[in-house]
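> Here is a sequence together with a model predicted from it:
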Amino acid sequence: MVTEHGFVDHLRELLDDSNPMVVANSVAALAEIREKSCSPDSTVGLDSKVVHKLLAALNECTEWGQVFILDTLSSYVSQGDQGAERVIERVLPRLQHANCAVVLSAVKDLRDPARVQQLVRKLAPSLVTLLSAEAEIQYVALRNINLIIQKYPDILKSEVKVLLEFKEYSKEVDVEFVKKAVQAIGRCAISIEQAAERCISVLLELIETKVNYVVQESIVVIKHIFRRYPNQYEGIIECLCDSLDTLDEPEAKSSMIWIIGEYAERIDNAEELLEAFLDTFLEETPEVQLQLLTSTVKLFLKKPATGPQILIQNVLHQATIETDNPDLRDRAFVYWRLLSSDPESAKDVVLAMKPTIRDDLTNSPQTELLQGFLRQLSTLSSIYHKLPPLFVPHDPLRTRLLYGQSGETKNTGLDGSLTNLHENQEIVSGKKANPDPLVDLMDGTNLKEEKLGNSKNADTIQLADPVTNEFRLFYPSESTLLSADKGAGLEISGVIMRGEDNLPCYSLKLTNHTSVHIDHFQFQFNKNSFMLAPCSQLQYSKVAPNESFRCLLRLSFSGSSSEKTASPWLQVAVKSSHQCGEVFYFNDRVPLESVLLPEGRLEYEKFVQLWNCATDEYVAQCQMSELLTPEAVIRAFDSLNVFACSPASFSESDNSSVYLSAKAPGPHEEQWILVKITFTSTVGYLEISSRSFIKGYADMIYNSLRRLLLGL
């Protein structure tokens, strides 16, 4: 409407105004229109001339005017180096601004690849300055800085002055706080190689304090540093060995035992150190017992002398005869068999080179998600570390803008009062007392009509059997949706399934129990989690009295989205001719397998990242009448658009696991659904663990997979 009446053109003209406040307010209005526009790139019309006007007004408008202008400039793509250079030169002074919103908005504009290193050096002091403000602003700044340093990890390498602060934190009386401070020192060492030596020095100073919990946490951290930088800092091992008597935490004990076993050839009294732990072997926790077993084997392989031989016989005897821990016993038997049959193979297995570790980045967003966050610096999105569609009402166009996607938007609006029903309201099948408010909704003017069977691409197809044998394996059986007594003689039964084109469709059976013909059926869906809506309305020959008609109503993901949690329930309104214009309602449950998207395949590494971040989890066991193999399950699930992320982990153990991923539409954006299936052959059941980011999907995927498994 604002475009048709020339409002946008008038706002563009105001960009030429000599008053910077007018320019800034015009930019703010255009930015808001842009978010709702069907052609966002043409709303402001950023070109070199417009950018020059905005840059000219930048110095003279208010702080918030500068924020609007800087946010708009962040979407400008220069056609040449000179244009980019001019923008950067005018934006750089904003990094020294007292308002942190202006500073963070300016950061979004400084993304010239040719000058990344130079710009990074200029960004660092400004970001550090933000931390001198009030505590609330510090928190906001740190959340934004967290995103920036994931994109540019070296940005603060010259500004890292926190080690002494962490050291001071380690002297506090709060034990948990002290442990986190020590862990932070370790993360600095692992993440920043240049700082590793300084971090080691601080950790050694902490060990010299002889404070029990500080020493133990420091040893745990140093173990990780050894794994990150092998063969670099072994000179401190002697200092660590002097603290053996203070260790009483299982994690600290196992870390120290690992260090002794890993560097046994460099520790003269390694045998004596491990022997001290063996005196209490049976009283130790499984974590310590397993590590002690492995380290003793390492010692024997590195120093096959008389002492280590007696030591290994002692630990193998205790682990296999005197313990009831199956994991410990099995590992001991494996080591025993290796050492007695082929010691060289044992060396290849036990002393194999291990990959160096890195900082734990499982909570870091993936590349595409990180780019979306960086476009939202200085907004709530950068604080929540969630993109706006996850905490604001769904808007497909806004989602495209945030993710940097292009293309035409789908029709997401359906007029009428049906869409205003409460999203969690359950409708009892039957007619509405007063159908008048739904006249506009159900008149079918928004949807084209197709006659049945007029082409292969028709949106509705008459079927001899609406549910083929193939689909019977995957979908619930057809059920009565609207009974004849509640539908004034019209009876509807059906089921939602996925068609050959990978889009959902409604398999319907319409039965006429009246004495007159019924035709011109029209269906309308309420807001739902999957944004399902009919592609078109039905128009076909009249359904004669006491006769039935079967058809497929093709569906699309172009409807209105419900909010909050995901629900399988779909509320449907239907009306037809020769029934006095009455509108009837019924509920149906959408099988999740009918709406899963074909783009649901994930790499295993990405699966692990998402699995650790998912917030909704559902775990249940499924009893099987027949023993299934992982290969059979993977093949069957593939036809449901549920894909294996990695081959099943086949082994000689009793359990093997399959990792699966799927993608479903809505309610805010396409959602990842993750599944782990564990096979237990001796008991004959499967354990299905599912996770998702929207509450409700994990439960739904379990029900879908269970239906398939019971049908195999």
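Looks like it came in fine. These numbers were taken from a predicted model, which means no experiment stands behind them.
> contacts and neighbour counts: CA atoms only from here.
Noted.
> the strands in the stretch 601-712 of the chain, which residues?
Listed in chain order, the strands of the stretch 601-712 of the chain (DSSP state E, counting those that start in this stretch) span 616-623, 643-644, 655-664, 671-680, 685-692.
> Of these, which is nearest G235?
For the strands of the stretch 601-712 of the chain, distance to G235 was read as C-alpha to C-alpha. The smallest value, 41.8 Å, belongs to strand 655-664.
> could you say what helices and strands the closest one packs with?
Strand 655-664 sits against helix 630-638, strand 643-644, strand 671-680, with contacts defined as 3 or more C-alpha pairs under 8 Å, 6 or more residues apart in numbering; DSSP states H and E.
> any idea which element F586 lies in?
Taking DSSP states H and E as the criterion, F586 maps to strand 584-589.
> Looking at the helices and strands packed on strand 655-664, which one is packed in the most?
Of the helices and strands packed on strand 655-664, the one with the most neighbours on average (mean count of other C-alpha atoms under 10 Å) is strand 643-644, at a mean of 25.
> and that strand, which strands flank it?
The strands that strand 643-644 pairs with in its sheet are strand 655-664 (antiparallel) (by DSSP bridges).
> Pull out the buried positions in the partner strand.
For strand 655-664, burial by neighbour count (16 or more other C-alpha atoms under 10 Å) applies to S656, S657, V658, Y659, L660, S661, A662, K663, A664.
> Distance from the chain centre to it, please.
The chain centre lies 15 Å from the centre of strand 655-664; the measure is C-alpha atoms, centre = their mean, to the nearest Å.
> Just the mean pLDDT for it, thanks.
For strand 655-664, mean pLDDT is 83.
> hey, C-alpha coordinates of it in CSV?
Listed next in CSV are the C-alpha coordinates belonging to strand 655-664 (Å, rounded to 0.1, in the frame of the first residue of the first chain):
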residue,chain,number,x,y,z
ASN,A,655,25.3,-52.3,21.2
SER,A,656,25.5,-50.2,18.1
SER,A,657,24.1,-46.8,17.4
VAL,A,658,22.7,-45.1,14.3
TYR,A,659,22.6,-41.2,14.1
LEU,A,660,19.8,-39.7,12.0
SER,A,661,18.7,-36.3,11.0
ALA,A,662,15.6,-34.8,9.5
LYS,A,663,14.3,-31.3,8.8
ALA,A,664,10.7,-30.1,9.3
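> so what secondary structure elements neighbour the one helix or strand L30 maps to?
Here L30 sits within helix 20-36, counting by DSSP H and E. Here helix 20-36 touches helix 7-14, helix 48-58, helix 63-73, helix 396-403, going by 3+ C-alpha pairs under 8 Å, 6+ apart.
> roughly how far out does the first one sit from the chain middle?
Going back to what we said before, that points to helix 7-14. With C-alpha atoms, centre = their mean, you get 40 Å for helix 7-14.
> how far off helix 20-36 does it point, in degrees?
150 degrees (axes from the mean of the first three to the mean of the last three C-alpha atoms, to 10 degrees).
> Can you give me the buried ones in helix 7-14?
Applying a neighbour-count criterion of 16+ other C-alpha under 10 Å, one finds V8, L11, R12, L14 buried in helix 7-14.
> just the second one next, same as before
By neighbour count, with 16+ other C-alpha under 10 Å as the criterion, the buried positions of helix 48-58 are S48, V50, V51, K53, L54, L55, A57, L58.
> where are the low-confidence patches of the stretch 501-650 of the chain?
Along the stretch 501-650 of the chain, the parts satisfying pLDDT under 70 run over 539-541, 563-564, 579, 621-628, 646-650.
> All the helices of it, residue numbers only.
Ranges of helices in the stretch 501-650 of the chain, per DSSP state H, counting those that start in this stretch, are 604-613, 630-638.
> mind giving me CSV with these and columns for distance to V175?
Shown next, in CSV, are the helices of the stretch 501-650 of the chain (distance: least, C-alpha to C-alpha, whole Å):
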stretch, distance to V175
helix 604-613, 26
helix 630-638, 46
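> what's the closest of those to K695?
Of all the helices of the stretch 501-650 of the chain, helix 604-613 sits nearest to K695, with 13.4 Å by C-alpha to C-alpha.
> Put the alpha carbons of stretch 268-281 into PDB.
What follows is stretch 268-281 as a C-alpha-only set of coordinates in PDB (Å, rounded to 0.1, in the frame of the first residue of the first chain):
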ATOM      1  CA  ASP A 268      62.300 -42.000  36.300                       C
ATOM      2  CA  ASN A 269      60.000 -43.200  39.100                       C
ATOM      3  CA  ALA A 270      56.900 -43.700  37.000                       C
ATOM      4  CA  GLU A 271      56.500 -47.300  38.300                       C
ATOM      5  CA  GLU A 272      56.500 -46.100  41.900                       C
ATOM      6  CA  LEU A 273      54.000 -43.400  41.200                       C
ATOM      7  CA  LEU A 274      51.500 -45.700  39.600                       C
ATOM      8  CA  GLU A 275      52.100 -48.400  42.300                       C
ATOM      9  CA  ALA A 276      50.900 -45.900  44.900                       C
ATOM     10  CA  PHE A 277      47.500 -45.600  43.100                       C
ATOM     11  CA  LEU A 278      47.300 -49.400  42.800                       C
ATOM     12  CA  ASP A 279      47.200 -49.900  46.500                       C
ATOM     13  CA  THR A 280      43.600 -48.600  46.500                       C
ATOM     14  CA  PHE A 281      42.700 -49.800  43.000                       C
END
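> Could you give the average pLDDT over it?
87.
> Quick one: distance of it to the chain centre.
Computed by C-alpha atoms, centre = their mean, the chain-centroid distance of stretch 268-281 equals 45 Å.
> Go ahead and name everything in contact with that stretch.
With contact meaning C-alpha atoms under 8 Å, 6 or more residues apart in numbering, stretch 268-281 is reached by 257, 260-261, 264, 289, 292, 296, 299, 307-308, 311, 315, 318.
> Any stretches of the stretch 1-150 of the chain with poor pLDDT?
Short version for the stretch 1-150 of the chain, where the test is pLDDT under 70: 1-5, 35-46, 77-81, 83, 111-118.
> and if you look at the stretch 351-500 of the chain?
In the predicted model of the stretch 351-500 of the chain, residues 358-368, 389-476 satisfy pLDDT under 70.
> Pull up the gap between the residue nearest in space to the middle of the chain and S479, please.
What sits nearest the mean C-alpha location of the chain, by C-alpha atoms, centre = their mean, is L610, with 4.3 Å. For L610, the distance to S479 equals 36 Å [C-alpha to C-alpha, to the nearest Å].
> Dump stretch 326-345 to CSV, keeping only the CA atoms.
The C-alpha trace of stretch 326-345 is given here as CSV (Å, rounded to 0.1, in the frame of the first residue of the first chain):
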residue,chain,number,x,y,z
PRO,A,326,32.1,-55.0,32.9
ASP,A,327,33.7,-52.1,31.1
LEU,A,328,36.9,-52.4,33.2
ARG,A,329,36.9,-56.2,33.0
ASP,A,330,36.4,-56.3,29.2
ARG,A,331,39.2,-53.7,28.6
ALA,A,332,41.6,-55.7,30.8
PHE,A,333,40.9,-58.9,28.9
VAL,A,334,41.5,-57.0,25.6
TYR,A,335,44.9,-55.7,26.9
TRP,A,336,45.8,-59.1,28.3
ARG,A,337,45.1,-60.8,25.0
LEU,A,338,47.1,-58.2,23.0
LEU,A,339,50.1,-58.3,25.3
SER,A,340,50.2,-62.1,25.4
SER,A,341,49.7,-62.7,21.7
ASP,A,342,51.3,-59.8,19.9
PRO,A,343,53.1,-57.0,21.9
GLU,A,344,53.9,-55.1,18.7
SER,A,345,50.3,-54.8,17.8
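> Tell me how many other residues crowd Y384.
15 (other C-alpha atoms under 10 Å).
> dump the residue contacts of it.
By C-alpha under 8 Å, 6+ apart, the contact list for Y384 is empty.
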